[in-house]
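[1] sequence and computational prediction follow.
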Amino acid sequence: MRGTYKAVEVSAPGTLRIAERPISEPGPGQVRMRVEACGICHTDATTVTGTYPGLTLPRVPGHEVVGRIEALGSGVSRWKIGQRVGVGLIAGEDGICEPCRRGDAVNCQNPVVSGVTVDGGYAEVMIAEARGIASIPDELSSAEAAPLLCAGVTTYNALRNAGLRAGDLVAVQGIGGLGHLGVQFARRMGFRTVAIGRGRDKEKLAKDLGAHLYIDAAVEDAGTVLQRMGGARAILATGTSGEAMARLVAGLAARGKLIVVGAPEDQIQLSAIPLIFGGRSIYGSLTGTPIDSEDTLAFSVLENIRPMTETFPLEKAADAYARMIEGKARFRMVLVTKDGVGRSA
Ligand SMILES: NC(=O)c1ccc[n+]([C@@H]2O[C@H](COP(=O)([O-])OP(=O)(O)OC[C@H]3O[C@@H](n4cnc5c(N)ncnc54)[C@H](OP(=O)(O)O)[C@@H]3O)[C@@H](O)[C@H]2O)c1
Ligand SMILES: [Zn+2]
Ligand SMILES: [Zn+2]
């Protein structure tokens, strides 16, 4: 295949611009996708600002990518031309580092990271590692599936791996791209689900998504409210404030867990006392593997979970990105290419 494709690249910190790039052939073990949709995750900010460790510019951001395979590199047998697939953030492990050798590919020390070590999905075409892609079920449009490949798998995996039991009190803090999916997963997994946001305007949306209760953290202390309810077995913290996360520890039950998935710029400062007295814990969780993404997609189909999205054409990526950064997205901005129009909405 010859010719060129449109991509939106970070040419310098803070600048997203449209570029025309030559189409290249996938290398061994790779596939070339015709992108249909790509979600805008808050983590893309680390590419746009040029702060992701080891990043070099120019770079195309985007790690919630859905498209159709149009070319296979040598040695790729599992996937077929025309098949609809998706790519998330961690899109290929090296297979040889210690976490990989222990079967913990998501924590690979030398991973392929979409939109960071390789060009991502703000583009009409993307080259991906065959071992880093997930199959997309027919029940989901491309624009619906895209946010599930990062926001979805991150919250789904964090909740399903937290050792919780049906009926447990579980809170999701931060009702954004991640949080609005976290609320749906928590509810459908059978937990007593509390959404913690700021402002009254998200209350109805959070309840429509399945929250039994909404706490407006702008007027009430979430920790106090949760403690009054008996204390949360887990709080999934998706917000971008370390200071807000630290205050949530007060809402945990004995043995409760604060699961950090949001990546704030400020520090999380904690007292040791509630950790020691009550055996509470705090730990992080990083997205998931391609097979975790397939589980997320399957659970979403099974339980009728869908992201709430606002779609923008690829060419308007800078405007869509700005809307996400300003906290205006309800709840995920999704870029749609000309190949995705009609198939994605
Ligand atoms: N662990 C992982 O693998 C992983 C994967 C994807 C993303 N992330 C990280 O997760 C975070 C959220 O990503 P996203 O795409 O969901 O972002 P988003 O859609 O832009 O949402 C941002 C969230 O941050 C909350 N927030 C902002 N300022 C806050 C403050 N001062 N106090 C409390 N909450 C505040 C907002 O909550 P309200 O307005 O509802 O209060 C909103 O829910 C980002 O840091 C991102 O880098 C991590
Ligand atoms: Zn992400
Ligand atoms: Zn590795």
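    Sure thing, it's come through. Because the structure is predicted, anything quoted here is derived from the model rather than measured. Numbers count the residues shown, from 1 in each chain. Ligands and ions are numbered 1, 2, ... in the order given.
[2] what segments of the protein are helices?
    Per DSSP state H, the chain carries helices over the ranges 45-48, 98-101, 142-145, 151-160, 177-188, 203-208, 222-228, 242-248, 273-276, 290-302, 317-325.
[3] the closest residue to ligand 2 within the stretch 51-200 of the chain: neighbour count?
    Across the stretch 51-200 of the chain, no residue is closer to ligand 2 than Cys150, which sits at 3.2 Å (CB to the ion). Placement of C-beta: from N, CA and C, glycine included. Neighbour count for Cys150, taken as other CB atoms under 10 Å: 33.
[4] you'd agree it is up against Val87?
    No: in this structure Cys150 lies outside contact range of Val87 using CB atoms under 8 Å: 9.6 Å.
[5] between the two, what contacts are shared?
    His63 (CB atoms under 8 Å, 6 or more residues apart in numbering).
[6] right, is stretch 29-40 up against ligand 1?
    No: taking CB under 6 Å from any ligand atom as the criterion, stretch 29-40 and ligand 1 are apart, separated by no less than 7.8 Å.
[7] how far does that stretch sit from the chain's center?
    16 Å (CA atoms, centre = their mean, to the nearest Å).
[8] that one close to ligand 2?
    No: applying CB under 5 Å from the ion, one finds stretch 29-40 out of contact with ligand 2, separated by at least 7.8 Å.
[9] how about stretch 76-83: buried residues?
    By neighbour count on 16 or more other CB atoms under 10 Å, the buried set for stretch 76-83 is Val76, Trp79, Gln83.
[10] what sits up against it?
    Against stretch 76-83 from outside (CB under 8 Å, 6+ apart): 26, 29-31, 68-72, 85, 130, 133, 135.
[11] in the residues you listed, find the pair that's most separated.
    The span of those, defined through CB to CB, is set by Gly29 and Arg68 at 18.7 Å.
[12] these two - which one has more neighbours?
    Each of Gly29 and Arg68 has its neighbours counted (other CB under 10 Å); Arg68 has more, 20 against 15.
[13] and the more buried one, how far is that from ligand 1?
    From Arg68 across to ligand 1, the span is 25 Å (CB to the nearest ligand atom, to the nearest Å).
[14] isn't that residue right next to Arg84, touching?
    Yes: using CB under 8 Å, Arg68 is in contact with Arg84, at 5.3 Å.
[15] tell me the contacts of Glu20?
    Glu20 touches Thr4, Tyr5, Lys6, Ala7, counting by CB under 8 Å, 6+ apart.
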